[in-house]
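Q: Below are the sequence and a predicted model for it; my questions follow.
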Amino acid sequence: MITGVLNTDSNAGIYITDKEKSKSVNIRSGQYLYLSVRDCWVPVVIRFSPRSHSWIFQNLEGVDVDGQKVMLKS
């Protein structure tokens, strides 16, 4: 399991940065994550939108992806 912050780059890449472990993990479109919302974890699917050329949370399109705290279970 990795918990960290989502970061995007200019090449349409996305990754989770875990500063405690000095580790980054690449994420792919369609991957299942948990989004931190207040004191709970909400399951989400991350997708790349070819129409807007940006990363979105499926069914939460109004929430910015970059900088969100997420958890990835392996």
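A: Yep, that arrived. Numbering: from 1, shown residues only.
Q: from here on, contacts and neighbour counts on C-alpha atoms
A: Noted.
Q: least trustworthy helix or strand in this structure by mean pLDDT?
A: Least confident helix or strand, the chain: strand 23-26 with a mean of 90, by mean pLDDT, DSSP states H and E.
Q: Quick check: most distant residue from the centroid of this protein.
A: Farthest-out residue of the chain from its mean C-alpha position, per C-alpha atoms, centre = their mean: Arg51, at 18.7 Å.
Q: And the contacts of stretch 28-48?
A: Residues from elsewhere that reach stretch 28-48 (C-alpha atoms under 8 Å, 6 or more residues apart in numbering): Ile14, Ser54, Trp55, Ile56, Phe57, Gln58, Gln68, Lys69, Val70, Met71, Leu72, Lys73.
Q: Switch those residues over to JSON lines, and while doing so, append distance to Thr3 to every line.
A: Listed next are the contacts of stretch 28-48 as JSON lines, based on distance: C-alpha to C-alpha, whole Å:
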{"residue": "Ile14", "distance to Thr3": "14"}
{"residue": "Ser54", "distance to Thr3": "22"}
{"residue": "Trp55", "distance to Thr3": "19"}
{"residue": "Ile56", "distance to Thr3": "19"}
{"residue": "Phe57", "distance to Thr3": "17"}
{"residue": "Gln58", "distance to Thr3": "20"}
{"residue": "Gln68", "distance to Thr3": "11"}
{"residue": "Lys69", "distance to Thr3": "7"}
{"residue": "Val70", "distance to Thr3": "6"}
{"residue": "Met71", "distance to Thr3": "4"}
{"residue": "Leu72", "distance to Thr3": "6"}
{"residue": "Lys73", "distance to Thr3": "9"}
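Q: For PyMOL, what selects the buried ones among these?
A: Buried residues among the contacts of stretch 28-48 (16 or more other C-alpha atoms under 10 Å), as a PyMOL selection:
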select buried, resi 14+54+55+56+57+68+69+70+71+72
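Q: What is the most widely separated pair among the contacts of stretch 28-48?
A: Of all pairs drawn from these, the greatest distance, 23.4 Å, lies between Ser54 and Lys73 (C-alpha to C-alpha).
Q: Direction included, what does the least confident helix or strand of the chain pair up with?
A: Applying DSSP bridges, strand 23-26 is found paired with strand 14-18 (antiparallel).
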